[in-house]
Structures are given as structure tokens and as C-alpha cells.
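Asker: what's the 3D shape of this:
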Amino acid sequence: MALEIVRLMRVVVVIDGSDNVLIRGKGAFRITRVEDSLMLSFLRSVDMFWLVDLSQRFSAQKYRGWRMLSEPNVVDLPEVSTATIHLTIPLTEMHVHMDAAIQEILQVVMGQNAQVLGPLMAYHHRMPTDSFDFEIGFPIGAPITEQGRVKNSIVPASKAMTASLTGPYEQLPDAWRQFMARVDDSGHSKRGTFCETYSRGPESTTYPEEFRTDLTVFLL
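Answerer: Have a look, this model is predicted:
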């Protein structure tokens, strides 16, 4: 079924053959059913919008807002030294505790001029239940002087399966479900630990559909 896309500045509207509309503005997505034929006519005819047939692009997953999970790979990962805060928190309080922890880590790392070797990462010690048990932090080139909650730690060397999600953080639960299914189908045994690396985020782009999160499941 052919799709139409209409664009004006930073707002994108995608109309499918059932008159469902996907609207992006400031990175937010929502699906609505447009019953008003006049509104549909307006969306399709405003002079400042342009129309493109996207059916082939969507099927090939080339359009930037629709790329999801990359093909998983099995790799051997080296040990990584990190500056982290260990958090054990309810699922519903992730955003509250995580944001504060990141700021606390950055203050210590920047205050000591520590060598940061990569993006923010979250190393989970177990699969979530009603809570998360994980370390949030940054890979570093040399140990820091520990301060408050900010400690030196490591992500152990291990065989692992990795994949990358391109898209907003709201897609992470679905991406993890897809990824875990692929890990289970591969026949590899899991250690029970996993990691998210936030390789591209709001510090790099204002478009959440361009975020990239690397997913890692550690294997036996």
C-alpha cells in the first residue's frame, strides 16, 4: 500500500491508505485516525508541503524515522573500566534517579579531568523484575578518585551478542523484546547481565528518531 508523506519545516505527516496519520513534531510521534475528509484534503494539498511515495523506502527501512533494530552480531568484548553510580530502583522511577546520577558522575569526572573513552552506558547486573539493578556511568582511561556515590568499576570481558536501535528511547522495550528473542533463538546461553550504551542521544541531535542505543547481552 502506497504511503504519502507531507512535510513543512520540522513537522512531518505520513498518511497511509487507511487514512491513519503519523505526525512528527519536535520528535514526538502519535497515530490518529482522520475522519474529516476536508482535513485530509488540506494535508495533501497545502502548497508548502511536498508529497513522496514511500512504500519502497519503508519496506527497505531506509527512512530515518523507521529504522529499528540492526542485525545482531556475536563479538568478544574486552574489559572496560568505568566511573559509575550503582542504582537499585523501581522500574517507575528510572528517569528520576538516572538523570541525577548522570549529573553527579559528570561533576566528578569533569572535576578530575578524567579521560572519558566513550558514551554513557548502563550495565545491568540482572534482568529487570519490578526494579532495576544497574551501574550508570562512562568508560574511562584511568581510575578516578572515588567521591560520594561515584565509584570505579568494570564491565567484565565477555563474549556477547550486540545490536543497535535507531530511534527514540520509547522504542527500547520493544527493541529489547525483539533482541532477546533473537538471542534465545541463537542457542547461546546468557550470563544474565546486559548493557545499554547511549551512542547517540539528545546531546547530538534534536530528533529522537536519530538516537542510537547499542544493546549488549553477555554470553557464557
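Asker: how about the lengthiest helix in the chain: buried residues?
Answerer: Ranked by residue count, the top helix of the chain under DSSP state H comes out as helix 94-111. Across helix 94-111, burial judged by 16 or more other C-beta atoms under 10 Å covers 94, 97, 98, 101, 102, 104, 105, 106, 108, 109. No exception for glycine: its C-beta is placed from N, CA and C like everyone else's.
Asker: which residue sits closest to the fourth one, ignoring its sequence neighbours?
Answerer: Counting by C-beta to C-beta, 6 or more residues apart in numbering, residue 85 is the residue found nearest to residue 101 once chain neighbours are left out, at 4.3 Å.
Asker: Validate this expectation: residue 194 resides in a helix.
Answerer: No - under the criterion used here (DSSP: H, G, I helix; E, B strand; the rest coil), residue 194 is strand, not part of a helix.
Asker: tell me the pLDDT at it?
Answerer: For residue 194, the pLDDT comes out at 98.
Asker: quick one: contacts for it?
Answerer: 124, 127, 215, 216, 217, 218 (C-beta atoms under 8 Å, 6 or more residues apart in numbering).
Asker: rerun at 10 Å
Answerer: Contacts for residue 194 (C-beta atoms under 10 Å, 6 or more residues apart in numbering) come out as 122-128, 134, 160-161, 176, 179-180, 183, 215-218.
Asker: then residue 89?
Answerer: By C-beta under 10 Å, 6+ apart, the residues touching residue 89 are 96, 97, 98, 101, 131, 132, 133, 134.
Asker: rewinding a little: and of the buried residues of helix 94-111, the nearest to residue 171?
Answerer: Nearest to residue 171 out of the buried residues of helix 94-111 is residue 94 (C-beta to C-beta; 15.3 Å).
Asker: wait, doesn't the closest one sit right on residue 87?
Answerer: Yes - between residue 94 and residue 87 there is a contact under C-beta atoms under 10 Å: 8.7 Å.
Asker: can you pull the residues that touch both of these two?
Answerer: 122, 131, 132, 134.
Asker: pairing partners for the helix or strand harbouring the first one, with directions?
Answerer: If I follow you right, that is residue 122. Using DSSP states H and E, residue 122 maps to strand 121-124. Paired strands of strand 121-124, with direction, are strand 131-139 (antiparallel), strand 190-200 (antiparallel) (DSSP bridges).
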